[in-house]
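K.L.:
sequence-free structure coming up:
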């Protein structure tokens, strides 16, 4: 239930920065998808570490003070969240369609989330409550992303403007979710719930992960827009 939005823009920003950090990667032509993929992969780790001169914040680790992941049947508040592992994202595909102002990406990531939770209500088929530490391990989550990219003019130069995005994802391996101190320490109730949670980590992520994803998307998307408005298009691509 963690940080897939950060992963998205780490890959997107890595591709667009593929000529700026010339000691690490080279710029690519639009039709050269092999170059784009290799350039993006080479930039994942330094991008995740942060590039302050291009308004790129540190993304590994990335932290959130509070995220409301509640649903109509469940109160779920996440606090003091730390996510690690984004630097190990694997890029599968990067393609830009200039005629349609689109960028298409596919990537796989595994991340670890540590934080705290407060929960009361229905999760899956269970009536749940608890407050305490939260641990999530997300393994091999594969994301397909579409981003709208437009040219804008500023001070006589062309810049890229990322205006919108949409994504889908699939969990390609088993995820682990652990809520400590369920039912205020009542072990009889907690043990039964833990067994179901242990066997249904992916289902839990799919059910309650969207608010965490969306919060991450909005924060990092704003940083990517700022970065694109700092660097002109000719610094980011060969064409």
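P.N.:
Yep, it's here. Just so it is clear, the structure is predicted and the values come from calculations on it, not from any experiment. Numbers count the residues shown, from 1 in each chain.
K.L.:
list the buried ones in stretch 193-202?
P.N.:
193, 197, 200-202 (16 or more other C-beta atoms under 10 Å). Using the backbone N, CA and C atoms, a C-beta is placed for each residue, glycine as well.
K.L.:
same deal with stretch 124-135?
P.N.:
Across stretch 124-135, burial judged by 16+ other C-beta under 10 Å covers 128-130, 134.
K.L.:
report the two of the residues you listed separated the most.
P.N.:
Using C-beta to C-beta, the buried residues of stretch 124-135 reach their maximum pairwise distance at 129 and 134, which is 13.9 Å.
K.L.:
okay if I get the buried residues of stretch 124-135 as TSV plus pLDDT?
P.N.:
Shown next, in TSV, are those (pLDDT from 0 to 100):
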residue	pLDDT
128	94
129	96
130	96
134	97
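K.L.:
out of those residues, list just those in strands.
P.N.:
Using DSSP state E, the members of these that fall within strands are 128-130, 134.
K.L.:
between those, which is nearest residue 210?
P.N.:
residue 134 (16.4 Å).
K.L.:
ok, now which ones touch the closest one?
P.N.:
78, 113-117, 177-180 (C-beta atoms under 8 Å, 6 or more residues apart in numbering).
K.L.:
which one of the residues you listed has the most neighbours?
P.N.:
residue 78 (26 neighbours; other C-beta atoms under 10 Å).
K.L.:
need the contact list for that residue.
P.N.:
1, 64, 66-69, 115-117, 134, 212.
K.L.:
between the residues you listed, which is nearest residue 222?
P.N.:
Nearest to residue 222 among these, with distances taken as C-beta to C-beta, is residue 64, at 14.3 Å.
K.L.:
now that closest one, which residues is it bridged with?
P.N.:
residue 81 (DSSP bridges).
K.L.:
wouldn't it be in contact with residue 215 here?
P.N.:
Yes - if you go by C-beta atoms under 8 Å, residue 64 and residue 215 touch, sitting 6.7 Å apart.
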